[in-house]
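Enquirer: with the input below, show me the fold.
(2 chains)
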Amino acid sequence: DAGVTQSPTHLIKTRGQQVTLRCSPKSGHDTVSWYQQALGQGPQFIFQYYEEEERQRGNFPDRFSGHQFPNYSSELNVNALLLGDSALYLCASKTAVNEKLFFGSGTQLSVL
Amino acid sequence: KQEVTQIPAALSVPEGENLVLNCSFTDSAIYNLQWFRQDPGKGLTSLLLIQSSQREQTSGRLNASLDKSSGRSTLYIAASQPGDSATYLCAVEFQKLVFGTGTRLLVSP
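Expert: Numbers count the residues shown, from 1 in each chain, chains lettered A, B, ... in the order given. Sure thing, here's the model as predicted:
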């Protein structure tokens, strides 16, 4: 049983560019959330998707957007990248009735 | 604004010691609290989930307690091993999940 998978594992972009990160949830999970983790900090909640709609959102600007597909996989898009967007981006999945979260290994984004 | 604080920020112990990690939160109206483990550069692994109606959860050598009225949770690790070395994160679900900054644990052989 595959867990949560994220791609790519590493990414280098320059300021002003756009990036798309991808996540496939654990089998049987229908809810996907995204987190940003800066070095030495705890993860910060970006948003959560369920039934292809954004259900909750953290304190992130509109440059951060997402999508959930009918197969429950999800994308995180970040436009107009800033140096401060450099971080580990984590995807997590769960079922709607069980709060236990399963995390992927993350995508390390470096903005130069 | 909901805040989650973890103390200590770092901890170094010899193998075999019992240890306690602390987590405090500012709002007692929580849905649940989770403890996670994170190895360097990796994702998070859920260790224990305590629902708001529960007082504690146990899994093997780990025991987590929850006191909503005082806004505190502790993670107790019995008979620590070098393989326990990692960062331990506390996360509290208010209307969204809020993480602490973690405790970096090093267990020396």
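Enquirer: CA atoms for contacts and neighbours, from now on please.
Expert: Noted.
Enquirer: need the residues of chain B near chain A, please.
Expert: Residues of chain B that fall close to chain A, judged by Cα under 8 Å from any Cα of the partner chain: B:34, B:41-46, B:49, B:89, B:96-102.
Enquirer: of those residues, buried ones?
Expert: Among those, those classed as buried by neighbour count (16 or more other Cα atoms under 10 Å in any protein chain shown) are B:34, B:42-46, B:49, B:89, B:96-102.
Enquirer: of those, the lowest pLDDT goes to which?
Expert: By pLDDT, residue B:42 ranks lowest within these, coming in at 83.
Enquirer: quick one: residues contacting the closest residue to that residue other than its chain neighbours.
Expert: Computed as Cα to Cα, 6 or more residues apart in numbering or on different chains, the closest residue to residue B:42 that is not its neighbour in sequence is residue A:105, at 5.0 Å. Counting by Cα atoms under 8 Å, 6 or more residues apart in numbering or on different chains, residue A:105 makes contact with A:4, A:5, A:6, A:9, A:90, B:41, B:42, B:43, B:44.
Enquirer: nearest to residue B:27, out of those residues: which one, please.
Expert: Each of the contacts of residue A:105 was checked against residue B:27 using Cα to Cα; the closest is residue B:44, at 23.9 Å.
Enquirer: now for the closest one: which residues touch it?
Expert: Contact partners of residue B:44, counting by Cα under 8 Å, 6+ apart, are A:102, A:103, A:104, A:105, B:36, B:37, B:38.
Enquirer: which of the three states applies to the fourth one?
Expert: Secondary structure of residue A:105, reduced to three states by DSSP: H, G, I helix; E, B strand; the rest coil: coil.
Enquirer: for it, report the pLDDT, please.
Expert: Here, the pLDDT recorded for residue A:105 equals 94.
Enquirer: which other helices and strands contact the helix or strand residue A:22 falls within?
Expert: Using DSSP states H and E, residue A:22 sits within strand A:19-24. Under the contact criterion of 3 or more Cα pairs under 8 Å, 6 or more residues apart in numbering or on different chains; DSSP states H and E, strand A:19-24 touches strand A:5-7, strand A:74-78.
Enquirer: looking at these, which is closest to residue B:109?
Expert: Comparing those by their distance to residue B:109 (Cα to Cα), the top pick is strand A:5-7, with 33.2 Å.
Enquirer: buried sites along the helix or strand just after the closest one?
Expert: Next helix or strand after strand A:5-7 toward the C-terminus (DSSP H and E): strand A:10-13. Residues of strand A:10-13 classed as buried: residue A:13 (neighbour count, 16+ other Cα under 10 Å).
Enquirer: doesn't residue B:53 belong to a strand?
Expert: No: under three-state DSSP, residue B:53 falls outside any strand and is assigned coil.
Enquirer: so what pLDDT did residue 61 get?
Expert: Going with chain A. Among the per-residue scores, residue A:61 holds a pLDDT of 97.
Enquirer: let me rephrase: I mean chain B.
Expert: Here, the pLDDT recorded for residue B:61 equals 97.
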